[in-house]
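Asks: fold the stuff below for me.
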Amino acid sequence: MHIMEGFLPPAHALGWSLAAVPFLAWGVHRVGRGLRDHPDRRLLLGVATAFSFLLSALKLPSVTGSCSHPTGVGLGALLFGPAAMVPVGFVVLLFQALLLAHGGLTTLGANVFSMAVVGPFAAYGVWRAATALGAGRSVSVFLGACLGDMATYLTTSAQIAWAFPDPVGGFAASLAKFVSIFGLTQVPLAMTEGLLTVLVVNAMVRYPLDEWGALPVLHRGARAKVVR
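Replies: Now for the predicted structure:
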């Protein structure tokens, strides 16, 4: 779901960049404060960053100007809270644009907004809702990671549809087209990401370390603080 370099009109590229900046500043503040309180979680945050970098680099061609891939941000959002994943996603997307030609600098703001803002907040919100409704850890984690991925895909579809509305049906027709094309590859990818995230979280539960601390996804039902 990385929109490629130069694909968006300049006004759209600038607009999405401006929309992402406040979330990025907020995320940097929350991560800095959280790591000052829990410096032992630095390594784990690095692992969550590597997880997102690796998964989101596994791209499949989808439609002109973009691609389908897992996002990997759900794991970090569930471990540290969604705000932490905004600067993490920014770093991941920046390095992929510079080193892998995956995405681009002009579309960095749009990609950050979809993958590092919408995705993590959707994943965290779904996980919280599922947990509150009494779902087990595995079900809650799966739904959070899977639907967080889907939220990113829907946002990217909307971004492209807004930039390139259908000549006849306008935004709605263009959105329906991009959603249907993306969905062929993104739905199974999202389900796969959900299952992989469950495996990682369950492995962490089986092999607890002191640095896990009171991370809420690992202590279902505990009133633990996330990195804020």
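
Asks: didn't residue 150 look like it was pressed against residue 190?
Replies: Yes - Residue 150 is within contact range of residue 190, at 5.0 Å (criterion: C-beta atoms under 8 Å). For glycine as for every other residue, the C-beta is placed from the backbone atoms N, C-alpha and C.

Asks: relative to the centre of the chain, find the outermost residue for me.
Replies: Going by C-alpha atoms, centre = their mean, the residue of the chain most distant from its centre is residue 168, 32.5 Å out.

Asks: distance check, the residue nearest to residue 151 when sequence neighbours are not counted against residue 52.
Replies: Of all residues not flanking residue 151 in the chain, residue 122 sits nearest, at 3.5 Å (C-beta to C-beta, 6 or more residues apart in numbering). Shown here: residue 122 relative to residue 52, a distance of 15 Å by C-beta to C-beta, to the nearest Å.

Asks: comparing those two, which residue is more hemmed in?
Replies: Looking at residue 122 and residue 52 with other C-beta atoms under 10 Å, you find the greater number of neighbours at residue 52, namely 28 against 23.

Asks: so what's that one closest to, chain neighbours aside?
Replies: residue 72 (3.5 Å).

Asks: so for that neighbour, what's the pLDDT?
Replies: pLDDT recorded at residue 72 is 87.

Asks: need the contact list for it.
Replies: When contacts are counted by C-beta atoms under 8 Å, 6 or more residues apart in numbering, residue 72 is found next to 51-56, 92, 193.

Asks: buried among those residues? Need that as a selection in PyMOL.
Replies: Selection command for PyMOL covering only the buried members of the contacts of residue 72, criterion 16 or more other C-beta atoms under 10 Å:
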select buried, resi 51+52+53+55+56+92+193
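
Asks: show me the contacts of residue 72 that map onto helices.
Replies: Among those, the members falling in helices (DSSP state H) are 51-56, 92, 193.

Asks: any chance of these in TSV, plus distance to residue 32?
Replies: Rendered in TSV, the data for these read as follows (distance: C-beta to C-beta, whole Å):
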residue	distance to residue 32
51	21
52	19
53	21
54	25
55	25
56	24
92	18
193	28
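
Asks: end-to-end on stretch 158-171?
Replies: End-to-end distance for stretch 158-171, by C-alpha to C-alpha, to the nearest Å: 8 Å.

Asks: where's it relative to the chain centroid, distance-wise?
Replies: Its chain's C-alpha centre lies 24 Å from the corresponding centre of stretch 158-171 when counted by C-alpha atoms, centre = their mean, to the nearest Å.

Asks: please renumber so the chain begins at 82
Replies: Yep, numbering from 82; the last one is stretch 239-252 now.

Asks: would you mark the buried spots in it?
Replies: Quick answer for stretch 239-252 (16+ other C-beta under 10 Å): 239-245.

Asks: thinking again about what came up before, quick one: the residue nearest to residue 232 and residue 184, what's the gap?
Replies: Taking C-beta to C-beta as the measure, residue 203 falls 20 Å from residue 184.

Asks: and for residue 153?
Replies: Separation of residue 153 from residue 184 (C-beta to C-beta): 14 Å.

Asks: now do residue 246
Replies: To residue 184, residue 246 is 23 Å away according to C-beta to C-beta.

Asks: ok so, going back, just put the buried residues of stretch 239-252 in CSV and tack on secondary structure.
Replies: CSV is the format used below for the buried residues of stretch 239-252 (DSSP: H, G, I helix; E, B strand; the rest coil):
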residue, secondary structure
239, helix
240, helix
241, helix
242, helix
243, helix
244, helix
245, coil
